[in-house]
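K.L.:
What follows is a predicted structure for the sequence shown.
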Amino acid sequence: MAQVDSTQDNMPQTSSDKNRIVIFDTTLRDGEQCPGATMSFEDKLEVASLLDEMGVDIIEAGFPIASDGDFEAVSAIASRVKRATVAGLARAIEKDIARAGQAVRHAHNGRIHTFVSTSPIHLAHQMKKSETEVLEIITKTVAQARNLVADVEWSAMDATRTPIDYLCRCVDLAIKAGATTINLPDTVGYALPQEYQHMFEQVRLRVPNSDKAVFSVHCHNDLGLAVANSLAGLQGGARQIECTINGIGERAGNAALEEVVMAMRVRADALHYDSQIDSHMLMRASKLVSAVTSFPVQYNKAIVGKNAFSHESGIHQDGMLKNATTYEIMTPESVGVSKTSLVMGKHSGSHAFKEKLKDLGYELGDNALKDAFTRFKALADRKKHVYDEDIEALVDDEIVNAHDRIKIDSLMVVAGTSGPQSATLTLDIDGKTTTHRSEGNGPIDAIFNAIHALVPHKASLELYQVHAVTAGTDAQAEVSVRLAHDGHSVTGRGADPDTLVASARGYISALNKLQARAAKGAHLAINDRLKP
Ligand code: KIV
Ligand code: ZN
């Protein structure tokens with residue numbers, strides 16, 4: 001059995017256009033829909049640009065009617081993305097479709113993705129409409145979308161619990177009305193692989209004009225079958241996969257992009273399909289999505305989990321030393337996992353640092369590079385070994401927090417067994433410094449109280465999460481802090497070898513994001529109270 005290695009082309013020799021799978025990423029829509037995964041405007045732009053660079057064909061950027069924030073994010077992504085098609089989701093409602101059309105109008109290729117439920121359960125309990133009424137809705141709404149854009153996707157929500165005869169009638173009408181992609185989702189994650197494959201075979205066989213559209217899979221993971229079902233859908237004739245980075249999404253999530261991509265690539269002998277995804281970027285995408293949503297990646301997660309390429313048992317380690325193919329079916333490098341390597345020390349110069357960043361896939365502007373280099377030198381002074389992961393954490397922190405109005409000037413903490421623990425914090429807010437000392441129930445509480453005193457706000461803390469970037473007691477801590485205000489959540493990140501400083505950075509980063517939202521027009525009390 002061959003091992004997929006880092007030198008492999010993105011497209012295998014055997015691939016033909018017929019077997020080229022369109023990757024439709026819905027991290028920013030279905031992924032963001034799951035509770036707690038809300039991303040800020042800037043986060044969404046960063047994720048979209050990485051998806052575009054990675055080779056995703058279609059980026060579903062959001063649900064424009066859902067909020068002004070969603071509309072703005074979809075419009076901005078549509079205007080900025082250079083290569084991928086940008087899709088906006090719309091219910092089968094006139095105003096949704098008009099809004100989605102408006103949001104994608106500046107895309108070089110914009111898609112309206114409209115959906116309606118087709119299953120008896122949804123028709124009876126959610127839609128309260130008859131089958132005939134839904135058929136009329138399909139014709140009307142798909143035609144409306146098609147008048148706005150040439151690229152229209154229609155989805156039969158809860159397709160897998162829809163009687164096949166009725167499903168075929170719906171698909172037939174959607175194609176006649178102008179849909180160019182037909183998506184048959186397993187909305188509730190109920191289907192088994194052979195059933196899902198059969199559904200596609202039947203619909204493609206029975207609908208006379210089925211060759212006029214590309215068929216698409218969209219699978220939820222309630223039974224842990226999302227990836228298996230997606231691949232089975234391809235066997236049934238689908239040629240588009242809807243998926244998300246790290247498999248985030250409603251409830252148990254969607255099919256994970258990295259898993260479907262690598263399954264097709266590693267098992268190209270049996271699955272004669274491939275995508276144009278640059279698999280070397282999978283790990284970076286996973287880390288970015290995990291960081292901006294603060295959804296940790298399960299340690300044993302396929303492809304991008306921390307343990308996906310570690311070998312613990314003696315027998316396995318022995319085999320690996322003799323030949324990596326004994327226990328690895330793909331190389332870590334092929335998915336962008338660099339072997340933790342000692343990179344540089346305090347004597348490394350800015351040129352070497354810049355080159356290292358290039359290797360890791362970062363291109364920073366002059367100012368950001370200067371700031372990142374200063375932080376790297378400070379880190380190298382304090383930390384014995386500086387690894388790739390350290391540099392990634394530091395640069396990610398720098399990128400996410402580059403335009404912050406609130407910055408930490410200094411922090412002094414008194415901790416230990418005999419309280420009270422206290423924090424003396426000086427913040428730079430729009431160029432003015434101000435200091436406050438607070439006590440708390442432990443050092444983190446004291447720091448957060450000091451931040452609260454310096455930047456009064458009504459946001460509530462939803463999540464505080466710490467993880468070590470590398471091994472060792474001098475490892476950098478990466479802290480995620482999620483704050484909620486007025487029904488919206490934002491996640492801030494901070495990295496530092498000192499966990500307390502990283503915590504303060506994480507909290508301040510979240511406040512900066514709330515402030516940025518406020519500046520964009522959301523009515524947050526924090527906006528008026530930023531100035532000391
Ligand atoms: O799961 C689902 O059915 C969806 C549709 C909106 C496509 O996400
Ligand atoms: Zn879904």
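P.N.:
Looks like it arrived, so ask away. Numbers count the residues shown, from 1 in each chain. Ligands and ions are numbered 1, 2, ... in the order given.
K.L.:
And the residue of the stretch 351-500 of the chain that's closest to ligand 1?
P.N.:
For the stretch 351-500 of the chain and ligand 1, the shortest gap (CB to the nearest ligand atom) falls at residue 489, measuring 20.7 Å. No exception for glycine: its C-beta is placed from N, CA and C like everyone else's.
K.L.:
Also the stretch 201-350 of the chain?
P.N.:
For the stretch 201-350 of the chain, CB to the nearest ligand atom, closest residue to ligand 1: residue 218, 5.2 Å.
K.L.:
That residue and residue 86, how far apart?
P.N.:
In this view, residue 218 and residue 86 are 18 Å apart by CB to CB, to the nearest Å.
K.L.:
quick one: contacts for the residue of the stretch 351-500 of the chain closest to ligand 1?
P.N.:
Residues counted as contacts of residue 489 (CB atoms under 8 Å, 6 or more residues apart in numbering) are 36, 38, 462, 482-483.
K.L.:
Quick check: of those, which has the highest neighbour count?
P.N.:
Using other CB atoms under 10 Å as the neighbour test, the contacts of residue 489 are led by residue 483, with 24 neighbours.
K.L.:
Helix, strand, or coil at that one?
P.N.:
The three-state label given to residue 483 by DSSP: H, G, I helix; E, B strand; the rest coil is strand.
K.L.:
Tell me the bridge partners for it.
P.N.:
Residues in a beta bridge with residue 483, per DSSP bridges, are residue 461, residue 490.
K.L.:
can you tell me how far it sits from residue 346?
P.N.:
Taking CB to CB as the measure, residue 483 falls 35 Å from residue 346.
K.L.:
follow-up on the earlier one: the residue of the stretch 201-350 of the chain closest to ligand 1 reaches residue 182, doesn't it?
P.N.:
No: shown here, residue 218 and residue 182 do not form a contact pair, counting by CB atoms under 8 Å, at 10.9 Å.
K.L.:
Could you give the number of residues near the residue nearest to residue 345 when sequence neighbours are not counted?
P.N.:
The shortest distance from residue 345 to any non-neighbouring residue, by CB to CB, 6 or more residues apart in numbering, is to residue 380 (5.6 Å). By the criterion of other CB under 10 Å, residue 380 has 19 neighbours.
K.L.:
just residue 47 next, same as before
P.N.:
Residue 47: 25 neighbours (other CB under 10 Å).
K.L.:
Does it touch residue 292 like I think?
P.N.:
Yes: between residue 47 and residue 292 there is a contact at 6.5 Å, judged by CB under 8 Å.
K.L.:
Now do the shared contacts for these two.
P.N.:
With CB under 8 Å, 6+ apart as the test, residue 47 and residue 292 both reach residue 39.
K.L.:
quick one on the thing from earlier: got the contacts of residue 489 as TSV, with pLDDT columns?
P.N.:
Formatted as TSV, the contacts of residue 489 follow (pLDDT from 0 to 100):
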residue	pLDDT
36	72
38	79
462	88
482	87
483	89
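K.L.:
Just give me the closest of those to residue 332.
P.N.:
The shortest gap between residue 332 and any of the contacts of residue 489 belongs to residue 36, at 29.4 Å (CB to CB).
K.L.:
can you tell me the helix or strand for the closest one?
P.N.:
Using DSSP states H and E, residue 36 falls within no helix or strand.
K.L.:
give the contact list for it.
P.N.:
Residue 36 makes contacts with 293-295, 462-463, 482, 489, as judged by CB under 8 Å, 6+ apart.
K.L.:
Which positions in the stretch 201-350 of the chain make contact with ligand 1?
P.N.:
218, 220 (CB under 6 Å from any ligand atom).
K.L.:
Show me the helices in the stretch 201-350 of the chain, by range?
P.N.:
226-235, 257-266, 282-293, 314-322, 350-359 (DSSP state H, counting those that start in this stretch).
K.L.:
ok, of the ones you listed, where does mean pLDDT dip lowest?
P.N.:
Here the lowest mean pLDDT among those goes to helix 314-322, at a mean of 74.
K.L.:
who does that one touch, helix- and strand-wise?
P.N.:
For helix 314-322, there is no helix or strand it packs on, judged by 3 or more CB pairs under 8 Å, 6 or more residues apart in numbering; DSSP states H and E.
K.L.:
Please state the offset of it from the chain centre?
P.N.:
Its chain's C-alpha centre and that of helix 314-322 lie 35 Å apart, by CA atoms, centre = their mean, to the nearest Å.
K.L.:
can I get the CA coordinates of it in CSV?
P.N.:
C-alpha atoms of helix 314-322 as CSV (Å, rounded to 0.1, in the frame of the first residue of the first chain):
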residue,chain,number,x,y,z
GLY,A,314,6.6,-0.2,21.8
ILE,A,315,5.6,-2.4,18.9
HIS,A,316,4.3,0.5,16.9
GLN,A,317,7.4,2.6,17.6
ASP,A,318,9.7,-0.2,16.6
GLY,A,319,7.8,-0.6,13.3
MET,A,320,7.9,3.1,12.7
LEU,A,321,11.6,3.3,13.1
LYS,A,322,12.1,0.5,10.6
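K.L.:
buried ones in that helix?
P.N.:
For helix 314-322, burial by neighbour count (16 or more other CB atoms under 10 Å) applies to 319-320.
K.L.:
Also stretch 93-107?
P.N.:
By 16+ other CB under 10 Å, the buried positions in stretch 93-107 come out as 96-104, 107.
K.L.:
ok, now stretch 106-114?
P.N.:
Burial within stretch 106-114, assessed by neighbour count using 16+ other CB under 10 Å, is assigned to 107, 109-114.
K.L.:
One more: stretch 264-284?
P.N.:
So, applying 16+ other CB under 10 Å, buried residues of stretch 264-284: 264-266, 268, 271, 273-277, 279-284.
K.L.:
give me the low-pLDDT residue ranges for this protein?
P.N.:
Within the chain, the segments meeting pLDDT under 70 span 1-16, 311-313, 317, 338-343, 400, 402, 519-532.
K.L.:
Domain boundaries for it, per the record?
P.N.:
For the chain, automatic domain parsing gives the domain ranges 17-293, 310-399, 402-530.
K.L.:
most packed of these?
P.N.:
The highest average neighbour count among the domains of the chain, using mean count of other CB atoms under 10 Å, belongs to domain 17-293 at a mean of 21.
K.L.:
quick one on the thing from earlier: can you check which of the domains of the chain gets nearest to residue 300?
P.N.:
Nearest of those to residue 300, taken as CB to CB: domain 310-399 at 9.9 Å.
K.L.:
who are the neighbours in contact with residue 422?
P.N.:
Contact partners of residue 422, counting by CB under 8 Å, 6+ apart, are 413-414, 437-440, 446.
K.L.:
Of these, which belong to helices?
P.N.:
Counting by DSSP state H, those place residue 446 in helices.
K.L.:
How about residue 414: what's its closest non-neighbour residue?
P.N.:
Residue nearest to residue 414 in three dimensions, not counting chain neighbours: residue 422, with 4.8 Å by CB to CB, 6+ apart.
K.L.:
I'd guess that neighbour is in a strand, am I close?
P.N.:
Yes: read with three-state DSSP, residue 422 is one of the residues of a strand.
K.L.:
Can you spell out which residues form a bridge with it?
P.N.:
Beta bridges link residue 422 to residue 414, residue 439 when assigned by DSSP bridges.
K.L.:
Quickly note the distance from it to residue 500.
P.N.:
Taken as CB to CB, the span from residue 422 to residue 500 is 12 Å.
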